[in-house]
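Enquirer: predicted model, plus sequence, below.
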Amino acid sequence: MGLEDGGSAAGAGEGGGGEGERFRVLVVDDSPVDRKIVERLLLRSGNLFEVIAVDGGKKAIEVLGLNYADCSVDLILTDYCMPEMNGYELLKAVKEHKLRKSIPVVLMSSENNPQRMTRCQAMGAEDFILKPLKAVDVQQLRHYTRPAAAAAVAMEAESAAKADGKRKLPPMKVVGENKGSERQPRPRLARVAVS
Amino acid sequence: MAAATLKDQLNGLVNSMFAEGLLDDQFTQLQMLQDANNPGFIAEVITLFCEDAERLLKELTTLLYFQTLDAYVHQLKGSSSSVGAQHIKHGCIRFRQFCEENSKEGCVHALNLVKHEYYRLKTKFETMVQLEQRIQAYEGQQQQ
C-alpha cells in the first residue's frame, strides 16, 4: 500500500472479515505516542487486525479515497481532537459520503464530554472511547468492523430501504459519565433497541 | 553484567517510579504490550513521548494566548496520560484550569511545575531505556 508522509501500515494486506481473516483498521491520531500505542494494542489482539496509521483527518480522507474501490478499510478509529480536521469532521465526511458512509467509525478522546459523545452519536459514530485505550477496548472493536462483502450487502439494503421510504434509526444511547476509579465502566455509546 | 542483574536494576527503577507516583497503572498496560516479538516497544514509546513533550514544552514557553496554550497543554496531558506519566498529567490538568481562568501567573507557575516534573521523569526514563537496550543487546548475544 503506497502511503505518503504521515502514514504507516502494519500487517497490510487484503481487506478483513470472515473466519480467520483480519480486519483492516485505519487509525487516525495526531499524537505519535498514541498512534504507536493504539497500533500495538491492535496488532497484539490475537491477530485480528491490520493497521494503517495516519496523523490527521486530511490524510485519512486521502487513504479512504485511494482505497475505497477495494472496500479495504473495515473500521476507522480516530482521535477527536486534532488540528485542521478533527475527528468529528472526519466522521461527518465519512457518514455524508454516499460510498464511504457504511464504514464504521469509532472515536477516541481523553475528554469525558457527554455533549461531544451525543454529537458523534447523532452523526452515526459506532462508539466513543475514553483514552488511554486499554486491551479490553480494542477487543470490543471487532464487533464494529465491517467485512468487505457485508459492506456491499449493507449498501444495497440501504438503497432499497430508501427507495421504499423507510427510515432507519441508529439504535444507540449515550451511557452516563464515568467518575471515580479506573475500575468503573468507561463511557461509551451503548446499543439499545429503539422502536 | 548478566541480563538477570540488569533486569533486577530495571525492575527496581520502575518500582521506585511507581512508588514515587511518577508512573501510574497505564505504564503497566504498556509493559504488557512488550514481548519477544517487539522487545523495544517501551523504549520506542518513551522516546516518542520525550520528543513530543520537549516540543510541546518549548511551544508553551513562548506562547502568549490562553486558547493556544490550552491546546498544547491538552496534547501534553494526552500523551503523558498515555504513557502513565501521572505527575505530568496532573500538572497539565491544573495548567488547563489556569488557562480557563485566564490566569497568567497561574499558567507560569503551572508551566514551571510541569517542566520540573518532566525533567525529573526524563532522567529516570533515560536510565530505563539504557537498561532496556543493554538487556536486549545481551539477550541478542545469548541467542547467537
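Expert: Cool, the structure landed.
Enquirer: every contact and neighbour count from this point should use C-alpha atoms.
Expert: OK.
Enquirer: just for chain B, where's the confidence low?
Expert: When residues are selected by pLDDT under 70, those of chain B lie in B:1, B:64.
Enquirer: what ranges does chain A have for its helices?
Expert: For chain A, helices defined by DSSP state H occupy the ranges A:32-43, A:57-67, A:87-95, A:114-123, A:135-141, A:148-163.
Enquirer: OK, contacts around B:Q136?
Expert: B:39-40 (CA atoms under 8 Å, 6 or more residues apart in numbering or on different chains).
Enquirer: what's the pLDDT at A:Y88?
Expert: A:Y88 carries a pLDDT score of 97 in this model.
Enquirer: just the helices in chain B please.
Expert: Under the criterion DSSP H, chain B contains helices at B:3-19, B:25-32, B:41-62, B:66-83, B:86-100, B:104-143.
Enquirer: any idea which of those helices gets closest to A:M85?
Expert: Of all the helices of chain B, helix B:66-83 sits nearest to A:M85, with 14.4 Å by CA to CA.
Enquirer: so which other helices or strands are in contact with the closest one?
Expert: Helix B:66-83 is packed against helix A:32-43, helix B:25-32, helix B:41-62, helix B:86-100, with contacts defined by 3 or more CA pairs under 8 Å, 6 or more residues apart in numbering or on different chains; DSSP states H and E.
Enquirer: and the angle for that helix with helix B:41-62?
Expert: 160 degrees (axes from the mean of the first three to the mean of the last three CA atoms, to 10 degrees).
Enquirer: just the CA atoms of helix B:66-83, as CSV, please.
Expert: Output of helix B:66-83 as CSV, limited to C-alpha atoms (Å, rounded to 0.1, in the frame of the first residue of the first chain):
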residue,chain,number,x,y,z
PHE,B,66,-4.6,31.2,26.5
GLN,B,67,-6.5,29.4,23.9
THR,B,68,-3.4,28.2,22.1
LEU,B,69,-1.8,27.4,25.4
ASP,B,70,-4.7,25.2,26.3
ALA,B,71,-4.5,23.3,23.0
TYR,B,72,-0.8,22.4,23.6
VAL,B,73,-1.4,21.6,27.3
HIS,B,74,-4.2,19.3,26.2
GLN,B,75,-1.8,17.5,23.8
LEU,B,76,0.8,17.1,26.6
LYS,B,77,-1.9,15.9,29.0
GLY,B,78,-2.9,13.3,26.5
SER,B,79,0.5,11.9,25.7
SER,B,80,1.6,11.9,29.4
SER,B,81,-1.6,10.1,30.3
SER,B,82,-0.9,7.5,27.6
VAL,B,83,2.5,6.6,29.0
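Enquirer: buried residues in it?
Expert: B:66, B:69-83 (16 or more other CA atoms under 10 Å in any protein chain shown).
Enquirer: so what's the residue count around residue 22?
Expert: All of this refers to chain A. By the measure other CA atoms under 10 Å in any protein chain shown, the count of residues near A:R22 is 23.
Enquirer: can you look at chain B instead?
Expert: Close neighbours of B:L22, defined as other CA under 10 Å, add up to 20.
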